[in-house]
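Chemist: structural data only, the sequence is not supplied:
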């Protein structure tokens, strides 16, 4: 199945906790990467759109985890 035309993608490299990746692979055997892309995209939309309290808290949490 081909991907619909949309915004271009940029390949990045991230380090995930091994235990987290194992859970994602078990839960989403046909595409955990799509789940990660979706989560990041949702956070970005929230931050750019309304800058909701939840999005800001998530960003602050990530900044504390990865200074």
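Modeler: Nice, I can see it. In this text the structure is predicted, and so the values were computed from the model without any measurement.

Chemist: quick one: distance of the helix or strand hosting residue 25 to the chain centre.
Modeler: Taking DSSP states H and E as the criterion, residue 25 maps to helix 18-27. Centroid separation for helix 18-27 versus its chain: 14 Å, with CA atoms, centre = their mean, to the nearest Å.

Chemist: next structured bit after that helix?
Modeler: On the C-terminal side of helix 18-27, the nearest following helix or strand under DSSP H and E is helix 32-49.

Chemist: what packs against that following helix?
Modeler: Secondary-structure packing of helix 32-49 (3 or more CB pairs under 8 Å, 6 or more residues apart in numbering; DSSP states H and E): helix 18-27, helix 53-65. C-beta: built from backbone N, CA, C; applies to glycine.

Chemist: give me the most central residue, this structure.
Modeler: Compute the mean C-alpha point of the chain, and by CA atoms, centre = their mean the closest residue is residue 40, 3.0 Å away.
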